[in-house]
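K.L.:
my questions are about this predicted structure, shown below with the sequence.
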Amino acid sequence: MLEPKRKEYPKDVTISKNLTPQQNKEARELLQTFADMLSDIPGKTERVEHKIRLTDETPFRMKQNPLPVHAMDEVDKEINFMLE
């Protein structure tokens, strides 16, 4: 199975210019420590379960909002990845 590739990394994050060099270093270390939790790749878990209780069980249909043309390629890639 193909794994998605990250597009953003902790080193790419812009941190406030109002921090001291020590605070900046600590913030970067935190970002690096928790890099696996702060990802631009959507994740999944089996730790949490939830139910959505509906007041009415009648299915409804909604028209899909139009997808911007510039986003279509990226959406197609994500869908194909999820289907694999």
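P.N.:
Nice, I can see it. Numbers count the residues shown, from 1 in each chain.

K.L.:
so who does residue 75 touch?
P.N.:
If you count contacts by CB atoms under 8 Å, 6 or more residues apart in numbering, residue 75 has them with residue 67. For every residue, glycine as well, the C-beta is placed using N, CA and C.

K.L.:
from now on call the first residue 294
P.N.:
Done: numbering now begins at 294, and the last item shifts to residue 368.

K.L.:
so which helix or strand takes in it?
P.N.:
When elements are assigned from DSSP states H and E, residue 368 belongs to helix 365-376.

K.L.:
list the buried residues of that helix.
P.N.:
Going by neighbour count (16 or more other CB atoms under 10 Å), nothing in helix 365-376 comes out as buried.

K.L.:
could I get the CA-only coordinates of it as CSV?
P.N.:
Provided in CSV are the C-alpha atoms of helix 365-376 (Å, rounded to 0.1, in the frame of the first residue of the first chain):
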residue,chain,number,x,y,z
MET,A,365,-9.6,18.3,-8.6
ASP,A,366,-6.2,16.6,-9.2
GLU,A,367,-5.4,16.6,-5.5
VAL,A,368,-8.9,15.3,-4.5
ASP,A,369,-8.5,12.5,-7.1
LYS,A,370,-5.2,11.5,-5.6
GLU,A,371,-6.6,11.4,-2.1
ILE,A,372,-9.6,9.4,-3.2
ASN,A,373,-7.4,6.9,-5.1
PHE,A,374,-5.1,6.6,-2.0
MET,A,375,-8.1,5.9,0.3
LEU,A,376,-9.5,3.3,-2.1
